[in-house]
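Undergrad: here are the coordinates; sequence isn't available:
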C-alpha cells in the first residue's frame, strides 16, 4: 500500500489488478486510487490461491509481498510463486523487488519455462547507470512457455 501502483496507473498502466490478503489493505488501496482512477480491479485474495484466470496477466510487480510471505513460511512462499507463475501469460514478465529473499528465489523458476532477466545482482539501466542505491535486489523473469497442465484448454 504505497503509491507505486498509483504512479504506474498515472503513467499509462490502466488495466490493473491489485490484491492484498486483508480488507484493511484493500480499503487503503481504494483510498489511494480514489474515485477518478477506473480500470483497477482491487481484490482481497490469498497469494496462494488467486481468483485470476490462468495465463491472463502480462506483467506482475511484486514489491514486498513475497518478502513478507518468505519470512513467515517457506512453503507458502513456494506456493505463492507457483500461483504467480500460473496467472502469468506466456511472454509475460514477473518483477520482484526484494530486501529479504536470498538468491534461492531463482530456484523456483524453471529455466524451461522462464528466462531470467535480472538475477538479483547489480543491474544497469540503458544509459549505464547502476542500481546501487535500492537497498534491495531486483529479480525479473519472462515466461517462455507454460507447463501442459497449466495451459488454457480452448
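TA: The structure has been received and is ready for your questions. All values reported here derive from a predicted model rather than from experimental measurement. Numbers count the residues shown, from 1 in each chain.
Undergrad: number of nearby residues for residue 67?
TA: 18 (other CB atoms under 10 Å). Yep, even glycine has a C-beta here, placed from its N, CA and C like the rest.
Undergrad: that one belongs to a helix?
TA: Yes. Under DSSP: H, G, I helix; E, B strand; the rest coil, residue 67 sits within a helix.
Undergrad: which intervals of the protein have sub-threshold pLDDT?
TA: The model of the chain has pLDDT under 70 over residues 1, 101-103, 123-124, 130-135, 148-154.
Undergrad: quick one: secondary structure of residue 53?
TA: Three-state call for residue 53 (three-state DSSP): coil.
Undergrad: I'd like the next helix or strand past the lengthiest strand in the chain.
TA: Longest strand of the chain, by residue count under DSSP state E: strand 88-98. With elements assigned by DSSP states H and E, the helix or strand that comes after strand 88-98 is strand 114-119.
Undergrad: ok, and for that next one, which residues are buried?
TA: Residues of strand 114-119 classed as buried by neighbour count (16 or more other CB atoms under 10 Å): 114, 118.
Undergrad: do the same with stretch 20-39
TA: If you call a residue buried by 16+ other CB under 10 Å, then stretch 20-39 has these buried ones: 20, 21, 26, 29, 32, 33.
Undergrad: starting at the chain centroid, how far to it?
TA: Mean-position distance between stretch 20-39 and its chain equals 17 Å (CA atoms, centre = their mean, to the nearest Å).
Undergrad: Throw the buried residues of stretch 20-39 into a markdown table and include distance to residue 117 and secondary structure, thanks.
TA: Listed next are the buried residues of stretch 20-39 as a markdown table, based on distance: CB to CB, whole Å; DSSP: H, G, I helix; E, B strand; the rest coil:
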| residue | distance to residue 117 | secondary structure |
| --- | --- | --- |
| 20 | 26 | strand |
| 21 | 27 | coil |
| 26 | 30 | helix |
| 29 | 27 | helix |
| 32 | 28 | helix |
| 33 | 28 | helix |
